[in-house]
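Chemist: A predicted structure for the sequence below; I have some questions about it.
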Amino acid sequence: MSKFVDKLQRLSKSSAPSIGFHPAASESESSAMLLIAGLSGVDVKEAKVVADSNADAGLILNQSFDTETVKQMVEAVGDIPLGVFVKDVSQDKVNELVGSGCDFVVFDIKVPGAVLQQEDVGKFLMIAPSLEQSLVRAINGLEVDGVFINRGEESSITVEHLLIYQRFSELLNKPLVVTLPSLVTSGELNNLWQAGIDGIVIPPAQPIEVFAALRRMAANLSKEAKRRRGKVGVILPQYGEDMVIEEDEEEEEI
């Protein structure tokens, strides 16, 4: 199994979730959110910084790479799982990445569907916040291990962003990771966690001190506050009666 996927699953199992994948807070875990180091390219020196950063994973964001260089990057990050964001990738290319030691791949909705059948690597779908909600819900039926949300270039996290993330966390039963174009404050990190985000991709080329500060922030996320999440119901008007909410699925047993 992908080491990164395993970390996400352990993050979930460390708590007692009420609905779906997203975990409630747990006192048994030192961190309530995973930190993924963004890599601007395939610079081995940059990878070595990530190896010393205590990040949960690394993600190559640059599309200009070859599998031999990825193999060197995998060796440089050591025990930290390394992923690659790919576009227009074939199943053969994914097989090459797996052979180089790549732990997981992140791809957009334009890739060939055959990639979903790959079983030797973690698979994550990158989506835009503007993706139609009907398509977001349909992701639950895909053979992917989670969803990355591309935040774009906006530097601040707005209320609109948080509303979108909250809505996605209600629609999806898979873990959510968001890419960050800039660093966040402890308050912003807490807002992301409350909205149902399970991990963040940290902007590339950050010093080790930044990772240490973010790790402390993640460890200090409120473990007692409940994250707002739940099933999305359909409101059905009843003649002569109050409105009722019909759930899409049966309640999961706890």
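Modeler: Thanks, I have it.

Chemist: what's the weakest-modelled helix or strand in the protein?
Modeler: Among the helical and strand segments of the chain, the one scoring lowest on mean pLDDT, DSSP states H and E is strand 234-236, with a mean of 40.

Chemist: where in the protein is pLDDT low?
Modeler: Low-confidence segments of the chain, defined by pLDDT under 70: 12-30, 222-254.

Chemist: As a check, name the ranges of all strands in it.
Modeler: 34-39, 57-60, 82-86, 104-107, 122-127, 146-149, 176-179, 199-202, 234-236, 244-246 (DSSP state E).

Chemist: residues near Thr69, how many?
Modeler: If you count neighbours by other C-beta atoms under 10 Å, Thr69 ends up with 16. Placement of C-beta: from N, CA and C, glycine included.

Chemist: I'd like to know how far it sits from Val50.
Modeler: Separation of Thr69 from Val50 (C-beta to C-beta, to the nearest Å): 15 Å.

Chemist: Next up, the contacts around the nearest residue to Arg151 once chain neighbours are set aside.
Modeler: Nearest residue to Arg151 in three dimensions, chain neighbours excluded: Thr179, at 5.3 Å (C-beta to C-beta, 6 or more residues apart in numbering). By C-beta atoms under 8 Å, 6 or more residues apart in numbering, Thr179 lies in contact with 38, 148-151, 200-201.

Chemist: again, 6 Å this time
Modeler: 150-151, 201 (C-beta atoms under 6 Å, 6 or more residues apart in numbering).

Chemist: same deal with Met126?
Modeler: The neighbourhood of Met126, defined by C-beta under 6 Å, 6+ apart, consists of 106, 108, 148, 150.

Chemist: try 8 Å this time
Modeler: Shown here is Met126, whose contacts under the criterion C-beta under 8 Å, 6+ apart are 85, 106-108, 147-150.

Chemist: Quick one: residues in contact with stretch 35-51.
Modeler: Against stretch 35-51 from outside (C-beta under 8 Å, 6+ apart): 53, 55-62, 64-65, 69-70, 72-73, 76-78, 80, 82-83, 177, 179, 199-208, 211, 214-215, 218.

Chemist: Show me what counts as buried in that stretch.
Modeler: Of all the residues in stretch 35-51, those buried under the rule 16 or more other C-beta atoms under 10 Å are 35-39, 41-43, 46-47, 49-51.

Chemist: same check, this time on stretch 93-112
Modeler: Going by 16+ other C-beta under 10 Å, stretch 93-112 has these buried residues: 93-94, 96-98, 100-108, 111.

Chemist: Can you give me the first-to-last residue distance of it?
Modeler: Terminal residues of stretch 93-112 are spaced 12 Å apart (C-alpha to C-alpha, to the nearest Å).

Chemist: Centre of the chain to that stretch, how far?
Modeler: 16 Å (C-alpha atoms, centre = their mean, to the nearest Å).

Chemist: Check the gap between the closest residue to Glu96 other than its chain neighbours and Leu171 for me.
Modeler: Spatially, and ignoring its direct neighbours in sequence, Glu96 is nearest to Thr67 (4.5 Å; C-beta to C-beta, 6+ apart). Distance from Thr67 to Leu171, counting by C-beta to C-beta: 35 Å.

Chemist: Neighbour count: the two, which is higher?
Modeler: Neighbours were counted for Thr67 and for Leu171 using other C-beta under 10 Å; Leu171 has more, 21 against 16.

Chemist: Show me the two of the buried residues of stretch 35-51 that sit farthest apart.
Modeler: Farthest pair in the buried residues of stretch 35-51 (C-beta to C-beta) is Leu35 and Val42. Separation: 20.6 Å.

Chemist: Lovely, talk soon.
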